[in-house]
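Asker: I would like the atomic coordinates for the input below:
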Amino acid sequence: MPTADGDGSNGHMPASAMCQVPWGTDQLGFAQYLRCDAADALTALNEAFRAQFGASLDMDLTYRSYDDQVAMKQAFGGLAAAPGTSSHGLGTALDVQEWPETYGFGTARYDWLVANGPTYGWYAPARVRQGQPYEEYWHFEYGPGRTS
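Answerer: Just a heads-up that it's a prediction; the model follows:
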């Protein structure tokens with residue numbers, strides 16, 4: 001969760017710069033937060049996604065505090081970004097649920113998100129696409145004007 005005294009650095013985003021994703025909780029029921037412009041864009045993307053699939057995006061992770069980034073690095077080693085470098089720590093990344101049959105490479109939902117996400121400022125970075133050393137079908141980032 002963002003904190004009131006965050007200084008705006010990676011993993012230390014102030015609550016004043018962050019917005020709760022309206023429908024978004026993870027599997028444990030915890031609220032999800034993004035930078036406000038990213039949250040607004042994701043909400044618009046979700047409306048189009050719901051129109052296409054009849055359900056909202058299933059979120060796993062959005063904002064990740066510095067302490068959470070440290071814990072992820074300890075748990076996952078080289079698979080996790082170095083603490084203080086994750087796009088999650090800036091409130092500009094989304095991980096959908098790691099359900100390969102639902103969101104995996106080549107599924108209708110993944111292909112739709114890759115094709116339509118950039119219209120709303122959300123894209124799948126080239127570094128996590130299929131065939132890359134760190135394939136992550138679940139990871140999307142906010143960056144208006146970007147497509148990969």
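Asker: tell me where this protein has helices.
Answerer: Secondary structure of the chain (DSSP state H): helices at 36-53, 66-76, 100-103, 108-116.
Asker: pipe these into CSV and attach distance to Leu28 per row.
Answerer: Quick note: C-beta positions are derived from backbone N, CA and C, even for glycine. Formatted as CSV, the helices of the chain follow (distance: least, C-beta to C-beta, whole Å):
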stretch, distance to Leu28
helix 36-53, 20
helix 66-76, 13
helix 100-103, 18
helix 108-116, 22
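Asker: okay if I get these as a markdown table plus mean pLDDT, mean neighbour count and distance to Gly89?
Answerer: Output for the helices of the chain, formatted as a markdown table (pLDDT from 0 to 100; neighbours: other C-beta atoms under 10 Å; distance: least, C-beta to C-beta, whole Å):
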| stretch | mean pLDDT | mean neighbour count | distance to Gly89 |
| --- | --- | --- | --- |
| helix 36-53 | 98 | 17 | 13 |
| helix 66-76 | 94 | 15 | 6 |
| helix 100-103 | 96 | 14 | 22 |
| helix 108-116 | 98 | 16 | 22 |
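Asker: nearest residue to the residue nearest in space to the middle of the chain other than its sequence neighbours?
Answerer: Centroid-nearest residue in the chain, with C-alpha atoms, centre = their mean: Leu94, separated by 0.6 Å. Closest residue in space to Leu94, ignoring its immediate chain neighbours: Phe140 at 4.9 Å, by C-beta to C-beta, 6 or more residues apart in numbering.
Asker: between the helices of the chain, which one is closest to Gly145.
Answerer: Judged by C-beta to C-beta, the one of the helices of the chain that comes nearest to Gly145 is helix 36-53, at 11.8 Å.
Asker: which elements pack onto the closest one?
Answerer: The contact analysis (3 or more C-beta pairs under 8 Å, 6 or more residues apart in numbering; DSSP states H and E) places helix 36-53 against strand 18-25, helix 108-116, strand 122-123, strand 139-142.
Asker: which residues touch the last one?
Answerer: Identification of contacts with strand 139-142 by C-beta atoms under 8 Å, 6 or more residues apart in numbering yields 34-35, 37-38, 41-42, 87, 92-96, 113, 117, 121-125, 128.
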